[in-house]
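1. I need the structure of the sequence given here:
(one chain, ligands or ions: 2)
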Amino acid sequence: MATTVPLIQIKDLYKEYIGQNDKVVALSDINLNINKGDIYGIIGMSGAGKSTLVRCINFLEKPTRGTVIIGDKDLSELNETQLRNVRQKVGMIFQQFNLLMQRNVEDNICFPLEISGMRRKERKKRAAELLEIVGLSDKRLAYPSQLSGGQKQRVAIARALATNPEILLCDEATSALDPTMTRSILGLLKDINNKLGITIIIITHEMAVVEGICDYVAIIDEGHLTEDGKVEEVFSNPKTDAARKLVYHSNNAVKEMTGKKCVRIVFDGKSSFEPVIANMVLECRSQVNILFADTKNIKGKAFGHMVLQLPEDQMQADKIINYLRGKDVNVEELIDYVGN
Ligand SMILES: Nc1ncnc2c1ncn2[C@@H]1O[C@H](COP(=O)(O)OP(=O)(O)O)[C@@H](O)[C@H]1O
Ligand SMILES: [Mg+2]
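-> Numbering: from 1, shown residues only. Ligands and ions are numbered 1, 2, ... in the order given. Have a look, this model is predicted:
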């Protein structure tokens, strides 16, 4: 059986950042094999080392020690020109889409093709094919500012696919999107994996994303890979603390509201109501009860206030409070709330 060699072999990967006074070990001896055609999830909390790992996979960032082998190429043995060739086969997409705002959709998609020296007519033809794949043929001449977040990510996906990569690296690609758009982007990635046979690595802090689309998952915690395997196996029987933290803090685990902790949140027109609450549930992975609400939606902006009952778990409750404060919503903690 000649085809059993994994497409990507990450070997003893170690990365440290040296600051003026200190040293951060971002990745510590990571070993991982990813087979051709897999959708592989890498999940961990913020600061775990996920983004460092994606940048190291194609040597955009040089590891301190260890290596990555893609196909038959050991990246640590390649010169810059050879590395650039390998990187053409590895597309990337990010949370913030990274589109060129002054270029229209077609020109954004054509950008990597221009760099690779493809002629204008061929570039346009390829862009049309890619727009078809991502379902945006009617937006060819639109500018990024005219698109929704989900549409922007579709453009970024088309651009990443332009050079016919074998691998697509997705770093928190759905983290800026609401649940509906998240689902549609995950559906598109699944489609691309099916139809084009592209191996996909999904980096995320959200368990729902891994459950929704991945075959395999690796858990990364403080730079260490703590567990890896089939998604059902790892999530149904998490063995390490890091895995348990992720799994039991998911929506499914917090089925009943037992908390007595309440907060009043005040909307003063700086944010809109829907995405704040929807994203809070998605991002904090826990439920809240709305005990009281008196809000008005004026031209898409929310005014008024509501009282939320938070989970008993202090960490979960704090996470929600911090999230809301980060969204320009005033949050006031209520002791012994007894109704309005
Ligand atoms: N360029 C850098 N210089 C110094 N420290 C960094 C740099 N990039 C990341 N780090 C540190 O490495 C750790 C892992 O970061 P990162 O890979 O971005 O994590 P994640 O994507 O999981 O949130 C963090 O402690 C972060 O502060
Ligand atoms: Mg990151």
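2. Please enumerate the helices of the stretch 101-250 of the chain.
-> 105-115, 120-134, 149-161, 179-196, 207-213, 231-236, 241-248 (DSSP state H, counting those that start in this stretch).
3. Tell me which of these lies nearest to residue 65.
-> In terms of CB to CB, the element of the helices of the stretch 101-250 of the chain nearest to residue 65 is helix 241-248, at 22.6 Å. The way it works is simple: take the backbone N, C-alpha and C, and place the C-beta from them, glycine included.
4. wait, does the closest one contact ligand 1?
-> No - judged by CB under 6 Å from any ligand atom, helix 241-248 and ligand 1 are separated, with a smallest distance of 12.1 Å.
5. Over to stretch 191-211?
-> No - against ligand 1, stretch 191-211 shows no contacts by CB under 6 Å from any ligand atom, the least distance being 7.2 Å.
6. In that stretch, which residues are buried?
-> Residues 192-193, 198-210 are the ones in stretch 191-211 that count as buried (16 or more other CB atoms under 10 Å).
7. Distance from the chain centre to it, please.
-> Centroid displacement of stretch 191-211 relative to its chain, using CA atoms, centre = their mean, to the nearest Å, is 10 Å.
8. can you check stretch 97-112 too?
-> The answer for stretch 97-112 is 20 Å, by CA atoms, centre = their mean.
9. what does that stretch rub up against?
-> 123-124, 126-127, 130-131, 136, 139-145, 147, 149, 152-153, 155-156, 158-159, 162-163, 176 (CB atoms under 8 Å, 6 or more residues apart in numbering).
10. mean confidence for it?
-> For stretch 97-112, mean pLDDT is 97.
11. buried sites along it?
-> Neighbour-count burial for stretch 97-112 flags 97, 99, 104-112 (criterion: 16+ other CB under 10 Å).
12. Could you dump those into a markdown table with distance to residue 322 added?
-> As requested, those are exported to a markdown table (distance: CB to CB, whole Å):
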| residue | distance to residue 322 |
| --- | --- |
| 97 | 25 |
| 99 | 29 |
| 104 | 38 |
| 105 | 36 |
| 106 | 40 |
| 107 | 39 |
| 108 | 34 |
| 109 | 37 |
| 110 | 41 |
| 111 | 37 |
| 112 | 38 |
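13. For ligand 2, what is the nearest residue in the protein?
-> residue 51 (3.2 Å; CB to the ion).
14. Just give me the closest of the buried residues of stretch 97-112 to residue 288.
-> residue 97 (29.1 Å).
15. Quick check: phi and psi on the closest one?
-> phi 70, psi -40 (degrees, to the nearest 10).
16. any idea how far it lies from residue 242?
-> According to CB to CB, to the nearest Å, residue 97 and residue 242 sit 29 Å apart.
17. residues of stretch 284-296 that come out buried?
-> Neighbour count says stretch 284-296 has 284-288 buried, by 16+ other CB under 10 Å.
18. pLDDT of it, averaged?
-> pLDDT averaged over stretch 284-296 gives 74.
19. Dump that stretch to PDB, keeping only the CA atoms.
-> Extracted C-alpha coordinates of stretch 284-296, given in PDB (Å, rounded to 0.1, in the frame of the first residue of the first chain):
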ATOM      1  CA  CYS A 284     -19.400  31.800  25.000                       C
ATOM      2  CA  ARG A 285     -21.000  28.400  24.300                       C
ATOM      3  CA  SER A 286     -23.500  28.800  27.100                       C
ATOM      4  CA  GLN A 287     -27.100  29.600  27.500                       C
ATOM      5  CA  VAL A 288     -28.700  32.600  29.200                       C
ATOM      6  CA  ASN A 289     -32.300  33.200  30.300                       C
ATOM      7  CA  ILE A 290     -33.800  36.500  29.400                       C
ATOM      8  CA  LEU A 291     -35.700  37.400  32.500                       C
ATOM      9  CA  PHE A 292     -36.900  40.800  31.400                       C
ATOM     10  CA  ALA A 293     -36.500  42.800  28.300                       C
ATOM     11  CA  ASP A 294     -37.600  46.300  27.200                       C
ATOM     12  CA  THR A 295     -35.800  47.000  24.000                       C
ATOM     13  CA  LYS A 296     -36.500  48.800  20.800                       C
END
